[in-house]
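# Okay, here's the prediction I keep looking at, along with the sequence it came from:
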Amino acid sequence: MSSLSDFGPSATLANLRERARVIEQIRSFFKARQILEVETPLLGTTVAPDRQLEPFKTRYCLGTQSWDRFLQTSPEFAMKRLLAAGAGPIYQICKAFRNGEQGKRHNPEFTLLEWYRPDWPLAKLIAEVNALLQTILTTPTAQYETYQGIFERYCGFDPHAITLTALIQEVKTQGWGNPSELSLDKDGWLDYLFSFMIQPQLGWDAPLVVQDFPASQAALAQLKPYRSGYWVAQRFEVFIQGLELANGYYELQDNVEQTQRFEASLAERLAQGKMGFPLDQRLLAALAYGLPACSGVALGLDRLLMLALGASTIAEVISFDAQHL
């Protein structure tokens with residue numbers, strides 16, 4: 001005889017009802033702003049060549065023929081094709097898939113809320129993200145900090161100016177890690193320190209918006225000149241209670257530069273022995289045709305629900321996590 005533990009959900013039914021209520025609230029938020037809800041395919045011919053994300057690869061078979069296909073790590077590319085076709089402001093609530101991710105805050109299949117605002121500067125989109133958080137979580141007004149300011153406060157150095165050699169020495173001196181065990185480049189070490197030393201301390205008094213990330217850490221964002229002659233990405237991330245919640249860009253429109261960035265990212269993946277895949281030629285065609293100037297953001301809906309419900313794990317806010325398949 002079976003029991004509920006043999007087949008039941010990872011979340012309580014009360015939490016699933018609350019999940020449905022919050023999603024309805026989100027849809028009302030965007031409807032009031034006349035933003036079109038869209039759906040795009042979860043299955044694609046390729047994915048973004050991000051060196052930190054691993055996709056799920058499958059085969060599409062038709063008769064005697066078959067082709068590689070990938071479950072999408074984000075709906076971004078398809079949504080940008082809609083933007084280039086003239087869709088105007090759009091949003092989507094959809095599943096996304098990232099291989100090798102599982103834990104209290106990660107599940108290989110998860111839900112994203114992603115939206116785009118043509119003709120909006122990044123600051124205006126950040127204000128709208130803040131408005132959504134105040135609607136769903138009743139948070140106070142967000143605070144702001146730069147990537148450089150965050151590192152100077154918590155680690156004591158300028159992340160833009162420091163060399164790899166000096167950074168590794170700092171890691172050794174402060175006891176932040178063992179460079180002999182972790183073979184990382186400068187971005188790898190900065191990401192390691194940000195994730196494990198800095199992020200847990202962010203966003204406890206109010207949502208924290210971190211801006212002006214290194215140019216090398218945003219393959220899809222436009223760049224802008226920064227202090228001391230550095231260029232930074234027009235990118236922001238939002239943190240609440242140590243949880244990374246949203247990641248947004250002022251979107252790159254240049255198909256030539258985007259091709260170069262994709263090729264560089266793909267070369268890094270291959271050098272690391274990771275899976276390679278073709279560049280998204282339809283996205284590049286959309287950029288060549290004319291992506292409107294726009295800002296876009298992806299927000300982890302499951303993580304938003306964790307905050308709304310006071311849950312400590314993602315399993316508590318989704319029907320069936322990877323351990324309940």
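Perfect, thanks for sending it. Keep in mind that this is a model prediction, so the values were computed, not measured. Numbering: from 1, shown residues only.

# tell me the helices in the stretch 101-250 of the chain, going along the chain?
All helices of the stretch 101-250 of the chain, identified by DSSP state H, counting those that start in this stretch, fall at 122-137, 147-154, 164-174, 186-193.

# Including mean neighbour count, could the ones you listed go into JSON lines?
To be clear about C-beta, it is placed using only N, CA and C from the backbone, and glycine gets the same treatment. What follows is these, written out as JSON lines (neighbours: other Cβ atoms under 10 Å):
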{"stretch": "helix 122-137", "mean neighbour count": "17"}
{"stretch": "helix 147-154", "mean neighbour count": "18"}
{"stretch": "helix 164-174", "mean neighbour count": "14"}
{"stretch": "helix 186-193", "mean neighbour count": "18"}
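
# between those, which one is nearest to Y250?
Closest to Y250 of those is helix 122-137 (Cβ to Cβ; 4.5 Å).

# name the helices or strands packed onto that closest one?
helix 13-32, strand 109-118, strand 208-214, strand 231-240, strand 243-250, strand 294-300, helix 301-309 (3 or more Cβ pairs under 8 Å, 6 or more residues apart in numbering; DSSP states H and E).

# Tabulate the helices of the stretch 101-250 of the chain (TSV), appending distance to S10.
Output for the helices of the stretch 101-250 of the chain, formatted as TSV (distance: least, Cβ to Cβ, whole Å):
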stretch	distance to S10
helix 122-137	22
helix 147-154	34
helix 164-174	37
helix 186-193	29
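
# Make a markdown table from those and add mean pLDDT to it.
Below are those laid out as a markdown table (pLDDT from 0 to 100):
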| stretch | mean pLDDT |
| --- | --- |
| helix 122-137 | 98 |
| helix 147-154 | 96 |
| helix 164-174 | 92 |
| helix 186-193 | 93 |
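
# Next up, the contacts around E170.
By Cβ atoms under 8 Å, 6 or more residues apart in numbering, the residues touching E170 are C155, G156, F157, I162, W176.

# Just give the number of residues close to the fourth one.
Other residues within reach of I162 by the criterion other Cβ atoms under 10 Å amount to 18.

# before we move on, what about the first one?
For C155, the tally of surrounding residues (other Cβ under 10 Å) stands at 20.

# quick one: it and M1, what's the gap?
Going from C155 to M1 by Cβ to Cβ, to the nearest Å gives 56 Å.

# and L287, that's in a helix?
Yes - judged by DSSP: H, G, I helix; E, B strand; the rest coil, L287 forms part of a helix.

# quick one on the thing from earlier: Serialize the helices and strands packed on helix 122-137 to a markdown table and add fields for distance to Y91.
Listed next are the helices and strands packed on helix 122-137 as a markdown table, based on distance: least, Cβ to Cβ, whole Å:
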| stretch | distance to Y91 |
| --- | --- |
| helix 13-32 | 5 |
| strand 109-118 | 4 |
| strand 208-214 | 19 |
| strand 231-240 | 16 |
| strand 243-250 | 13 |
| strand 294-300 | 10 |
| helix 301-309 | 11 |
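
# Show me what stretch 151-158 is in contact with.
By Cβ under 8 Å, 6+ apart, the residues outside stretch 151-158 that reach it are 145, 148, 159, 166-167, 170, 174, 190, 193-194, 197-198, 201.

# what's the spacing between V297 and R117?
9 Å.

# which residues do those two both contact?
L125.

# just to revisit the earlier point, which one of the contacts of E170 sits closest to L71?
Nearest to L71, judged by Cβ to Cβ, of these is W176 at 34.8 Å.

# Model confidence score at the closest one, please.
As predicted, W176 sits at a pLDDT of 89.

# L190 against L167, yeah?
Yes - assessed by Cβ atoms under 8 Å, L190 is found in contact with L167 at 7.5 Å.

# residues contacting the residue nearest the centre of the chain?
Central residue of the chain (Cα atoms, centre = their mean): N247, 4.9 Å from the mean position. N247 sits next to R235, F236, E237, V238, V297, A298 when contact means Cβ under 8 Å, 6+ apart.

# can you pick the most crowded of those?
That'd be F236 among these, by other Cβ under 10 Å, with 26 neighbours.

# Next, work out how far apart the closest residue to that one other than its chain neighbours and V238 are.
Distances taken as Cβ to Cβ, 6 or more residues apart in numbering place Q211 nearest to F236, at 4.7 Å, with adjacent residues excluded. Distance, Q211 to V238, using Cβ to Cβ: 10 Å.
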